[in-house]
Every structure is written in C-alpha cells, then in structure tokens.
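[1] Fold the following, please.
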Amino acid sequence: MANAPPEVRKNAVGGVATIATPAEAQQVPLRTGRALPRPRVDCQPLPVPVPSGPSAADTFPADFPDAPLEWHPLNGLWIGVAAGLLAALFSALSYLVSRHHVRTHPELREGEGGMRLIVQAHVLMGIVCIPACWFFWPEDGGPAAAECLPPVLACAAAYLVGQVCFFRALKRVPASRLAPLLGLKIAMLAGIVTVFLGHPLDTRQWIAVALSVAAAFALQRGDDRLPASALGLMLVACLCFAIADLSIVTLIRGLTDGSGATLGRFHAGTLAMSMTYVACGAMLLPLAPAMLPRKLTGWTPAIQFSLVWLVAMISLYACLGQVGAVFGNILQSTRGVMSVVLGALFAHLGWHDLEEHVDRATLLKRIAAAMLMTAAIALWFIDVS
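    Modelled structure (predicted):
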C-alpha cells in the first residue's frame, strides 16, 4: 500500500481512490514537514448485499408494506383484542348509563323516558356521523342510492325498534340480567336464514343455537327469572337486531362490490355504521320537537349515552378491521359476562338504582349462563373444520 503509485492507491474499505498528480501536489502549501498531496477522493459506493430468503412482498402484508417484521402480527392481534374487549366493556357501560338516567333523571323517569333518551341520543349521533359519512365516502362516487338506501333504511328501522324494546325492558330489569340474553340473536338469525333465506345450517351452528337457548333457560330458573313482559321485549329486540345485522351485511356488500365502489371491508363497515346512524337520526327527527329536553342540563343523559355508545361502536369496527368478523363477534359477546360482573360491582358499591344485590349462588349462575352464551356465539362463528 505504501509503495503503490499515488494514482492507484486503494482506500481502507475497498473503494478506489484517485490521488492528485505530483504537479498538482506541488501547488499545495505545507506548514511543516514533508509535502503531502491533498487527495481528491472519488469513492465508488459499496455494493449492497442482496439478502437471500423471501422477498418483502412475501414477508409483509400488502396493507402494511413498511411495517417491521416483528411488529405487525403482534400489534395487529393485540390491538384487535383490546378494541374488541373495549367495545364489549363500553356496550355494558352504555346499558348502565341508560338505566341510571331513565330511572333517576327528572325528565326521563316519568312516562316514556327510554323513548325520549333514544330520540335525543340518536339525533345527536346522527349529527355527529354526517361529517363521518362525507369523510369515508369513496372518491369515485360509490354505489348508486338505489343499491344502498334500502339496506340502510331496513337496518336503521330494525335497530331502532330493537333499541326501544331493550330500553323498555331495561327500565324494569337490571342490565346484568338482560345483556346475556342478547346472545339469543343467533337463534333469531338461524330462523331467518333457514326459513326465509333458504340457507340451511350445519350441525355446529344448530349446537350453538341449542347452547344459547340453554343459557337463556338457565337465566330463567328459580326466583331469578325475568318477568314475562321483559322476556317478550328481549325476544323482539333480538329479532330486530338480527334483521339489522343481516341488513348491514347487505349494505357492506353493496359498498364493497357495488358499481364504482373500491372500498375495503373495514372502510365500508365504518361508512355503513355512519350511514346507519344518520338514517336513525333522520327517522327520529320528526319526534324531536316533543322529545327534546326542556332545559340545557336535560341534554346530559343523551350526551353521556351517545359518547359511551359511539366509543363502543368505533372500538367494535376497529376490532373487526384488525381480527376479522369471527373473532370480533366472539370478543363482543363478552359484554354479557362484563354486564354481570359490573352489576355485582355497582350493587356492592351501593348503586341499587342500577343493580340489585344478589347472593353468591345467583351471581355464579348468571356468570355461568353468560359464559355459556359466549361459548354458543363462538361456536356459531368459528368453523371448526
């Protein structure tokens, strides 16, 4: 290296360095010692080794092209699980919030307080969801109104009827006894898709229906049984929620597969949710003048319920986007267990307007029935084959 001509001396890392000629070097002023030429370096870039193994397209999902390899699977799973459990928790909390205000608020505890709360809250949520519809609406125009309007109206109407029935039952019975019965929706779905849509169920799904009915019977045993009126309201509510679910599936399919629509399922689901709540607010708007609060403080119940419910719905769709519909529905079904546990906690803390105090045997029976309902829903959605 030391005896090599200046023109061809190599640098330490393997790149070729071009050294100034002796004539150029003599023009460089020196302070002390022997004259050393000032080099003019032109380093060639080192070649980047090409890794062997799978390519980036094989390693990362298409929708996360820049995600670190070790982050995406773990984060996607745990974010979805956390969002699903948060949706279940806030659903259970929304039942407690609504029951508390319907039973204690001066403007809601008399007469049709539950209906007043539904109208006020859904008018608010409809207003909030209008900009959400504009934000999520596809840039290419989306499907025609004739494709999306019928399922939107069907979903909104069925959902509102179900909510009215549920709120009326909630005024009579604590949420911890009603929320687990929402799992009977799969029995209603089974009847609708078999009788009216002509889609036969497999053995696994019929076992799930049987488990859900068994859980409902377990909740009706002994002195803990629901009044006949409340049970009837819950059955109608489950039927309406099943119709709403089928309608929103049709709506999402129309948004993803409709003419001109280029939406993913999560995007379409969020847009469908926003459209549904706008339709709910529009349907209830004629009732608003008679149902709106008389004082500014009267908006407190509607605002609190709307916030809690929207957090639950946003968390649910975030969960569905991360872990899919199967696991997402199973996570959401834990709201029954959470309602039972929260009910026992609030009763222990003295909130007897929300929940009644029960003995340990009754509490364990409710938890077991709620867990059986969750297992039924899991079996319904999971394809064990």
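[2] Find the nearest non-adjacent residue to residue 255, please.
    With Cβ to Cβ, 6 or more residues apart in numbering as the criterion, residue 255 has its nearest non-adjacent residue at 3.9 Å, and that residue is residue 268. Heads up, the C-betas are built off the backbone N, CA and C, glycines and all.
[3] What strand or helix carries the one you found?
    Residue 268 belongs to helix 265-284 when elements are defined using DSSP states H and E.
[4] Can you give me the buried ones in that helix?
    Of the residues in helix 265-284, 265-281, 283-284 count as buried by neighbour count, 16 or more other Cβ atoms under 10 Å.
[5] Stretch 353-369 now?
    Buried residues in stretch 353-369, counted by 16+ other Cβ under 10 Å: 354, 355, 358, 363, 365, 366, 367, 369.
[6] Name the nearest of these relative to residue 234.
    Lowest distance from residue 234 to the buried residues of stretch 353-369 (Cβ to Cβ) belongs to residue 369, with 13.7 Å.
[7] give me phi/psi at the residue nearest to the closest one when sequence neighbours are not counted?
    Closest residue to residue 369 apart from its sequence neighbours, by Cβ to Cβ, 6+ apart: residue 218 at 4.2 Å. Here is the backbone geometry of residue 218 (degrees, to the nearest 10): phi -60, psi -40.
[8] Give me the pLDDT value at residue 218.
    Looking at residue 218, its pLDDT reads 83.
[9] surely it meets residue 368?
    Yes. Residue 218 lies in contact with residue 368 (Cβ atoms under 8 Å); the separation is 7.1 Å.
[10] contacting residues around residue 133?
    Counting by Cβ atoms under 8 Å, 6 or more residues apart in numbering, residue 133 touches 271, 274, 275, 278.
[11] do residue 238 as well
    Contacts here follow Cβ under 8 Å, 6+ apart; on that basis residue 238 touches 162, 181, 182, 184, 185, 187, 188.
[12] just to confirm, which helix or strand has the closest residue to residue 163 other than its chain neighbours in it?
    In space, not counting the residues next to it along the chain, residue 163 is nearest to residue 118; the distance is 5.6 Å by Cβ to Cβ, 6+ apart. Secondary structure assigned from DSSP H and E places residue 118 in helix 113-136.
[13] Could you pull up phi and psi at the most centrally placed residue in the chain?
    Closest to where the C-alpha atoms of the chain average out (Cα atoms, centre = their mean) is residue 316, at 1.7 Å. Torsion angles at residue 316 (phi, psi; degrees, to the nearest 10) stand at phi -60, psi -50.
[14] can you pull the contacts of it?
    Applying Cβ under 8 Å, 6+ apart, one finds that residue 316 lies in contact with 83, 84, 87, 328, 332.
[15] In those, which has the lowest confidence score?
    pLDDT is lowest at residue 328 among those; the value there is 77.
[16] That residue: how many residues sit nearby?
    By the measure other Cβ atoms under 10 Å, the count of residues near residue 328 is 23.
[17] so where's the chain uncertain?
    1-76, 142-143, 145, 222-224, 258-262, 265, 324-326, 383-385 (pLDDT under 70).
[18] I appreciate the help and will end here.
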